[in-house]
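**Q** Here is my input; please provide its structure:
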Amino acid sequence: MKKRFVVLVLDGFGIGAMKDAKVARPGDEVSSTLGSILKDYPKLKLPNLERLGLMNAFGKESECMKFNASAVFGKSELMHHGADTFMGHQEIMGTLPKVPLIMPFQQKVDEVKEHLIQAGHQVEVRVNGNLRYLLVDKYCTVADNIDADLGMAYNCTAPLSFLSFEEELEIAKTVREVVQVNRVIPFGGTGTTLDDILNAEETRQDKFIGIHAVKSKSYEKGYECRHLGYGVDNSVQAPTILTNQGVAVSLFGKVADVVINEKGKSVSCVSTKDVLDLTIEELKVMQEGFICTNVQETDLAGHSQDSKWYKELLEIADEKIGTIIELLEDDDIFLVMADHGNDPNIGHNRHTRENVPLLIYKKNIVSIDIGLRKSLSDVGATVCDYFGVSAPQNGESFLSLLKSE
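**A** Have a look, this model is predicted:
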């Protein structure tokens, strides 16, 4: 008998502002990623997500999607500060979030420059008005991450046909040694050039300067990425706990970049179709284990403020979700969720602090509302409970609520 727990994260797919959004992130109190997409495309039909209870979790019906009286569903708040993919996934896996330091790169640029030089790197300072960032070893920029919460992360961006990812990673690790922000993120692709990267330079609020990730063309070919976190202990997260007990763990998509899974399988992938096909193929061969997949392109569509692209990606994902459901056996659990919001119509290109859906499928369970969870970690706690291993650092399992009819 097969025993699999599959978590699919539709990155940035929020269903309405959290109650603290007005104070925590002024402006986000009007956010609703799903609401914006439905406003632009009222005839949108996502039959498999509708079947799983998307509208139940959303709390209202649309022109073409209705409540499902048989759905097993809930929603979750974010416990972590802000609305962040990296911390969202650490939280999902059972980490108790801590408030990160928020600091524009301008406050660290001189210290980072000197530390890189001392480590033997060549460093050029690039200037735009009163803002500065670094070009290291001729090809790697070090600057603010301007695609997420400002001041929470620094990006290292390089054309990987000219500088290897291993070399870029060493630069990022050196930066990580002297900064205290949430993340340092080295990434790049083989389909981009230094000119592409430099031409993607943008500023925010006269305090932040960085490389717009999509405009840099890094995602187009040969993409590689690693997220170097601050203060995250993977030993108390679900993947490490599970693999230490001999349970297989497979991570696909951006989750493979941001979550440590030393004894499991991790495959980076950006294309929505490809990452879901990887998930489907894994389901066909895995007898027992945990699969977590991140659909990153929905988040990229939000950052691009492109509701049409977002809608098209949801349609692709919905079709693949139908295939996943067909492959599930009696003991399997399938959960579709998000890690934060990314409202394409909010008027900025940052994540939004929204509740996220928890849509659950298991054969022979119906008509269950697991309520509003206080942390994404409840998912990781439920996964560990399902496999009978020790609980992660944070979260309350809802496995006992998933009773057969």
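
**Q** helices or strands next to the lowest-mean-pLDDT helix or strand in the chain in the packing?
**A** Within the chain, no helix or strand scores below strand 228-229, which has a mean of 84 by mean pLDDT, DSSP states H and E. Contact partners of strand 228-229 among helices and strands, from 3 or more CB pairs under 8 Å, 6 or more residues apart in numbering; DSSP states H and E: helix 165-176, strand 183-189. Any C-beta I mention is one placed from the backbone N, CA and C, and that applies to glycine too.

**Q** Skipping its backbone neighbours, what lies nearest residue 29 in space?
**A** With sequence-adjacent residues excluded and distances taken as CB to CB, 6 or more residues apart in numbering, residue 29 is closest to residue 22, at 3.9 Å.

**Q** Just give me the neighbour total for that neighbour.
**A** Burial of residue 22, expressed as a neighbour count using other CB atoms under 10 Å, amounts to 14.

**Q** begin at 43 from here
**A** Sure thing, new numbering starts at 43, so read that last one as residue 64.

**Q** which residues are in contact with whichever strand or helix holds it?
**A** Under the criterion DSSP states H and E, the helix or strand holding residue 64 is helix 63-66. Outside of helix 63-66, the residues that reach it under the criterion CB atoms under 8 Å, 6 or more residues apart in numbering are 60, 70, 71, 73, 123, 124, 394, 395, 396.

**Q** what does the domain assignment say about this protein?
**A** Described in terms of automatic domain parsing, the domain architecture of the chain consists of the residue ranges 45-140+273-443, 147-271.

**Q** low pLDDT regions in the stretch 93-242 of the chain?
**A** When the per-residue scores of the stretch 93-242 of the chain are filtered using pLDDT under 70, no range remains.

**Q** okay, now residue 349: neighbour count?
**A** Number of residues near residue 349 (other CB under 10 Å) recorded here: 20.

**Q** same thing with the one 10 residues further on?
**A** Taking other CB under 10 Å as the neighbour definition, residue 359 ends up with a count of 24.

**Q** ok so, going back, just how off-centre is the helix holding residue 64 within its chain?
**A** In terms of CA atoms, centre = their mean, to the nearest Å, the centre of helix 63-66 is found 21 Å from the chain centre.

**Q** buried ones in that helix?
**A** Neighbour counts using 16 or more other CB atoms under 10 Å place 63, 66 of helix 63-66 among the buried residues.

**Q** Report the contact partners of residue 136.
**A** 278-280, 283, 419, 422-423, 426, 433-437.

**Q** Next: residue 271.
**A** Shown in contact with residue 271 (CB under 8 Å, 6+ apart): 128, 132, 224, 225, 300.

**Q** Now for these: which two are most distant?
**A** Distance extremes for these: the farthest pair is 224 and 300 at 11.1 Å, using CB to CB.

**Q** In terms of packing, which of those two has more residues around it?
**A** For residue 224 versus residue 300, the count of surrounding residues by other CB under 10 Å is larger for residue 224: 32 against 26.

**Q** what is the rounded mean pLDDT of stretch 399-416?
**A** Mean pLDDT, computed over stretch 399-416, is 97.

**Q** can you list contacts of it?
**A** Applying CB under 8 Å, 6+ apart, the set of residues contacting stretch 399-416 is 55, 57, 91, 94-96, 98-100, 111-119, 121, 367, 370-372, 374-380, 397, 421, 438, 440, 443-447.

**Q** which residues of this structure fall in helices?
**A** For the chain, the helices defined by DSSP state H occupy 63-66, 75-82, 89-94, 96-100, 127-134, 151-160, 207-218, 236-241, 280-286, 297-300, 314-327, 339-345, 349-369, 419-429.

**Q** which of these sits most buried?
**A** When those are scored by mean count of other CB atoms under 10 Å, the highest mean neighbour count falls to helix 127-134 (a mean of 28).

**Q** so what secondary structure elements neighbour it?
**A** The criterion is 3+ CB pairs under 8 Å, 6+ apart, and the helices and strands that helix 127-134 contacts are strand 45-52, helix 297-300, helix 419-429.

**Q** Send me it as CSV with only the CA atoms.
**A** The C-alpha atoms that make up helix 127-134 are tabulated as CSV, following Å, rounded to 0.1, in the frame of the first residue of the first chain:
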residue,chain,number,x,y,z
THR,A,127,8.8,33.1,-0.1
PHE,A,128,12.0,32.0,1.7
MET,A,129,10.5,32.4,5.2
GLY,A,130,7.2,31.1,4.0
HIS,A,131,8.7,27.8,3.0
GLN,A,132,10.8,27.7,6.2
GLU,A,133,7.5,28.2,8.1
ILE,A,134,5.8,25.5,6.0
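
**Q** Okay, angle between that helix and strand 45-52 too, please.
**A** Helix 127-134 and strand 45-52 are oriented at 150 degrees to each other (axes from the mean of the first three to the mean of the last three CA atoms, to 10 degrees).

**Q** Count the neighbours of residue 406 for me.
**A** The number of residues packed around residue 406, counting by other CB under 10 Å, is 8.

**Q** Just to check, residue 180 is in contact with residue 164?
**A** Yes. In this structure, residue 180 sits in contact with residue 164. The criterion is CB atoms under 8 Å, and the distance is 6.7 Å.

**Q** so what's the closest residue to residue 204 other than its chain neighbours up against?
**A** Of all residues beyond its chain neighbours, the one nearest residue 204 is residue 181 (5.0 Å), with distances taken as CB to CB, 6+ apart. Under the criterion of CB under 8 Å, 6+ apart, the contact partners of residue 181 comprise 200, 201, 204, 205, 236.

**Q** mind putting these in TSV, distance to residue 193 included?
**A** Rendered in TSV, the data for the contacts of residue 181 read as follows (distance: CB to CB, whole Å):
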residue	distance to residue 193
200	22
201	26
204	29
205	26
236	26
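
**Q** can I assume residue 230 is in contact with residue 203?
**A** No. Residue 230 is not in contact with residue 203 according to CB under 8 Å; the separation is 9.0 Å.

**Q** So if I had to pick from the two, which one is more boxed in?
**A** When neighbours are counted by other CB under 10 Å, residue 230 and residue 203 differ, and residue 230 comes out ahead with 30 against 15.

**Q** if I look at the more buried one, how far off is residue 134?
**A** Plainly put, residue 230 is 26 Å away from residue 134 if you go by CB to CB, to the nearest Å.

**Q** Check the gap between residue 103 and residue 403 for me.
**A** Note on residue 103: its distance to residue 403, by CB to CB, is 20 Å.
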